[in-house]
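*Asks:* predicted model and sequence below, questions to follow.
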Amino acid sequence: MARTPLLQLSDISLTFGGDPIFDNLDLVVQPGDRVALVGRNGSGKSTLMKIMAGIVEADKGLRVVSPGVSVGYMEQDPDLSGFETLGDFALSDLEPSEAWRVEMAAEGLKFNPDTPVATASGGERRRAALAKLLGEAPELMLLDEPTNHLDIEAITWLENQLKETQSGFVLISHDRAFLRALSRATLWVDRGMTRRMEKDFSHFEAWRDKTWEEEDIARHKLDRKIKSEARWAVEGISARRKRNQGRVRALQELRAERSGQIRRQGVAAMELDAGTKSGRKVIEAQGISKSFETKTILKSFDLRINRGDRVALLGPNGAGKTTLLKMLIGQMQPDSGSISQGTGLEMAFFDQTRDGLDGDKSLWDNLSLDPTLGVSGRSDQVMVRGAPRHVVGYLKDFLFDERQARAPVRSLSGGEKARLLLARLMARPSNLLVMDEPTNDLDVETLDLLQDLLDSYDGTVILVSHDRDFLDRVAATTIAMEGDGKATIYAGGWSDYQAQRAEGQGEEKSAKAKAKAKPKAEAKPAAQPSQKKLSYTEQHRLDALPAEIERLEAEIAKLTVFMSDPDLFSKEPVKWQKASEAMTERQEALSAAEEEWMELEEKASS
């Protein structure tokens, strides 16, 4: 028996400012559907979700919700006007007997329902909106970037809740691990069209690439046919004008079809310039501690960051990640201990709050009026890695057109604001890149490009992120802020941290079980603890060095392949010189790392 759909859109068309967003769109959501809604920033994902929710009305077409079906929508910027507290808002459409669901969600999502709306942060407002939706438990949930402003613990909690729900849901998210864990189908918005695949998000990129490949082949065949028909028209039309008017009309139709095709949006032409090389030591912290009133953020913490390291900070919201980050880069001082920075540092900072953007000013003004980017007396140009560029030309590198360049920043989507911040950051040469939540709102293609850039970046990277997939791809060292002032250093990214933490907890449980099971009669006086052969910092360094050595060997192998081109030196002497310098630097670093590992290993085994 056919199931009655929860929601159906038929022949939907919508136009904004003369540009079609959707045309003749059809969509069905069935009971139990778990759909990942994906597409480029600005492709219309959030608009489509608002049409599904009934908030935006299409120019034409039909939206049908089956009788008795409730649809709940969690938007990115909820309106809490008229409510005193976050709890008042979250409970506003629930019976008192159902309040427990909101209380449970508030605990899992980590926000206080008693927080006044007037003082609540944007993240707290979004968490309240998410708790409201989960509390109402509609048959169809529409979730627009629900993981933004959530830490990994809250994301994991939400992931488990959605795995257990009986409701169907459609989900927009930049978090690939989240999408892979939850989706059973993928809905792709691309140039006004929607395509559906009955597979989870892990298959999306292969499906997208195959679709684009087939599209390119079809376009190439069409181009060849147009050229062939045009050649016939030029060479023979005068002799066969009356008999072949149909063929001429067909040629015109082919040309109209070709000109009517909407080309894919390209990938942003982002580029990172590591500038001048910093000293080998970038940042060293010794015995640093930090507290705010009664809350201890960090106590007696040691850390050394060397040139080329990729260091990630993770932990629950409020654990102190941003505080540690600001101390490391000198924006905040520790209560005790010392932090020293190496020589020749040029830092670029990506701030998750986006306070550096003036929402009332245009994209043009946000770049040209920036004193670190503007060219004196030339408001139409910016300095990009030491060279003047026209503002619009540079913005086009980040997929903005001239119309957007003159629009206010507040009109941008979250992903577009993130791209604008990246444009400002990447205009400056840097050898220390500090990024606080850089992945929020970025689409898959931009995330892939950013990861590739960070992988080939010659400088040092320190980042804060709750994106597990991003951490796995980028981080070589992870600092876990575990609360009560405890911070632990692990080698690798998120998955490595999870494995090492689980192994450590397993060993601890095993030791406790053995101690508990030991007969009292066998108890002996405790032996005096033996002196550790390695300090904590030395032991961490010994654990981290194999991964560092492996990374350096991989980078040397890449450079070797790159420099093996016999024409590189003559055609691209600047690139050859940079590659040669990078090769020397990495060979020196590899030699130093291997020597350091041998010394520590010898000390540990002596």
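*Replies:* Nice, thanks for sending it over.

*Asks:* okay, domains of the protein per the record?
*Replies:* Split into domains by automatic domain parsing, the chain comes to 7-206, 216-260, 281-500.

*Asks:* in a markdown table, list those along with mean neighbour count, mean pLDDT and distance to residue 559.
*Replies:* (Each C-beta comes from the backbone N, C-alpha and C, glycine too.) Listed next are these as a markdown table, based on neighbours: other C-beta atoms under 10 Å; pLDDT from 0 to 100; distance: least, C-beta to C-beta, whole Å:
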| stretch | mean neighbour count | mean pLDDT | distance to residue 559 |
| --- | --- | --- | --- |
| domain 7-206 | 18 | 92 | 27 |
| domain 216-260 | 12 | 60 | 32 |
| domain 281-500 | 19 | 87 | 10 |
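
*Asks:* can you tell which of these is closest to residue 546?
*Replies:* domain 281-500 (7.7 Å; C-beta to C-beta).

*Asks:* nearest residue to the middle of the chain?
*Replies:* residue 439 (2.3 Å; C-alpha atoms, centre = their mean).

*Asks:* tell me the SS of that residue?
*Replies:* Secondary structure, DSSP: H, G, I helix; E, B strand; the rest coil: residue 439 is coil.

*Asks:* contacts for stretch 187-203, please.
*Replies:* 20-23, 25-27, 35-40, 43-45, 48, 170, 176, 179-180, 183-186, 204, 207-208, 211, 262, 264-265 (C-beta atoms under 8 Å, 6 or more residues apart in numbering).

*Asks:* in strands, which of these fall?
*Replies:* Among those, the ones falling in strands (DSSP state E) are 20-23, 25-27, 35-39, 170, 185-186.

*Asks:* return the closest of those residues with respect to residue 92.
*Replies:* residue 170 (23.2 Å).

*Asks:* the closest one contacts residue 33, correct?
*Replies:* Yes - when contacts are counted by C-beta atoms under 8 Å, residue 170 is listed as touching residue 33 (7.4 Å).

*Asks:* joint contacts of these two?
*Replies:* Counting by C-beta under 8 Å, 6+ apart, nothing touches both residue 170 and residue 33.

*Asks:* so which residues make contact with stretch 46-65?
*Replies:* 6-16, 21-22, 25, 27, 29, 37, 71, 73, 75-76, 142, 144, 170, 172, 189, 194, 413.

*Asks:* the same query, at a cut-off of 6 Å, please.
*Replies:* The contact list for stretch 46-65 (C-beta atoms under 6 Å, 6 or more residues apart in numbering) reads 7-15, 21, 71, 73, 142, 144.

*Asks:* before we move on, what about stretch 349-367?
*Replies:* Applying C-beta under 6 Å, 6+ apart, the set of residues contacting stretch 349-367 is 373, 382, 391, 405-406, 408-410, 417, 420, 425, 434-438.

*Asks:* 8 Å instead, please
*Replies:* 329, 369, 373-374, 382, 391-392, 394-395, 400, 404-410, 412, 417, 420-425, 427, 433-438, 440, 464.

*Asks:* what is the end-to-end distance of it?
*Replies:* 15 Å (C-alpha to C-alpha, to the nearest Å).

*Asks:* same check on stretch 454-473?
*Replies:* End-to-end for stretch 454-473, by C-alpha to C-alpha: 10 Å.

*Asks:* identify the residues contacting residue 333.
*Replies:* Counting by C-beta under 8 Å, 6+ apart, residue 333 has contacts residue 327.

*Asks:* helix/strand/coil for it?
*Replies:* Applying three-state DSSP: residue 333 is coil.

*Asks:* where does it fall, phi/psi-wise?
*Replies:* Here is the backbone geometry of residue 333 (degrees, to the nearest 10): phi -100, psi 140.

*Asks:* same question for residue 193.
*Replies:* phi -110, psi 150.

*Asks:* cool, and the one 3 residues further on?
*Replies:* The main-chain torsion angles of residue 196 are listed as degrees, to the nearest 10 and equal phi -120, psi 140.

*Asks:* what bridges to it?
*Replies:* Per DSSP bridges, the residues bridged to residue 196 are residue 187.

*Asks:* then residue 434?
*Replies:* Here residue 434, judged by DSSP bridges, has bridge partners residue 349, residue 462.

*Asks:* need the contact list for it.
*Replies:* Counting by C-beta under 8 Å, 6+ apart, residue 434 has contacts 325, 329, 347, 348, 349, 350, 461, 462, 463.

*Asks:* what about 7 Å?
*Replies:* Applying C-beta atoms under 7 Å, 6 or more residues apart in numbering, we find residue 434 in contact with 325, 329, 347, 349, 350, 462.

*Asks:* list the helices and strands the helix or strand residue 102 falls within packs on?
*Replies:* Residue 102 is located in helix 99-109, with elements delineated by DSSP states H and E. Secondary-structure packing of helix 99-109 (3 or more C-beta pairs under 7 Å, 6 or more residues apart in numbering; DSSP states H and E): helix 122-136, helix 152-164.

*Asks:* 6 Å - rerun?
*Replies:* helix 122-136 (3 or more C-beta pairs under 6 Å, 6 or more residues apart in numbering; DSSP states H and E).

*Asks:* centre of the chain to the helix it packs on, how far?
*Replies:* 21 Å (C-alpha atoms, centre = their mean, to the nearest Å).

*Asks:* contacts for that helix, please.
*Replies:* 72, 74, 78, 80, 86, 89-90, 94, 101-102, 105-106, 109, 111, 115, 146, 149.

*Asks:* in strands only, show me those residues.
*Replies:* Those of the contacts of helix 122-136 lying in strands (DSSP E): 72, 74.

*Asks:* how close does the residue nearest to the centre of the chain sit to residue 174?
*Replies:* 6 Å (C-beta to C-beta, to the nearest Å).

*Asks:* next: residue 562.
*Replies:* 31 Å.

*Asks:* which strands and helices lie in contact with the helix or strand harbouring residue 396?
*Replies:* Residue 396 is located in helix 391-397, with elements delineated by DSSP H and E. Helix 391-397 sits against helix 363-368, strand 378-384, helix 402-405, with contacts defined as 3+ C-beta pairs under 6 Å, 6+ apart.

*Asks:* contact partners of the last one?
*Replies:* Contacts of helix 402-405 with the rest of the structure, by C-beta under 6 Å, 6+ apart, involve 363, 364, 392, 395.

*Asks:* which pair of these spans the longest distance?
*Replies:* 363 and 392 (9.3 Å).

*Asks:* returning to what we had before: now the contacts of residue 434 in TSV, with distance to residue 159?
*Replies:* Below are the contacts of residue 434 laid out as TSV (distance: C-beta to C-beta, whole Å):
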residue	distance to residue 159
325	26
329	32
347	35
349	30
350	26
462	27
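
*Asks:* how about residue 490, what does it touch?
*Replies:* 478, 497, 500 are the contacts of residue 490 under C-beta under 6 Å, 6+ apart.

*Asks:* beta partners of the first one?
*Replies:* This means residue 478. residue 312, residue 490.

*Asks:* my guess is it meets residue 497, correct?
*Replies:* Yes - using C-beta atoms under 6 Å, residue 478 is in contact with residue 497, at 4.6 Å.

*Asks:* out of the domains of the chain, which is closest to residue 568?
*Replies:* domain 281-500 (16.2 Å).

*Asks:* ends of that closest one, how far apart?
*Replies:* 27 Å.

*Asks:* then stretch 39-59?
*Replies:* End-to-end for stretch 39-59, by C-alpha to C-alpha: 22 Å.

*Asks:* likewise stretch 110-129?
*Replies:* End-to-end distance (C-alpha to C-alpha), stretch 110-129: 13 Å.
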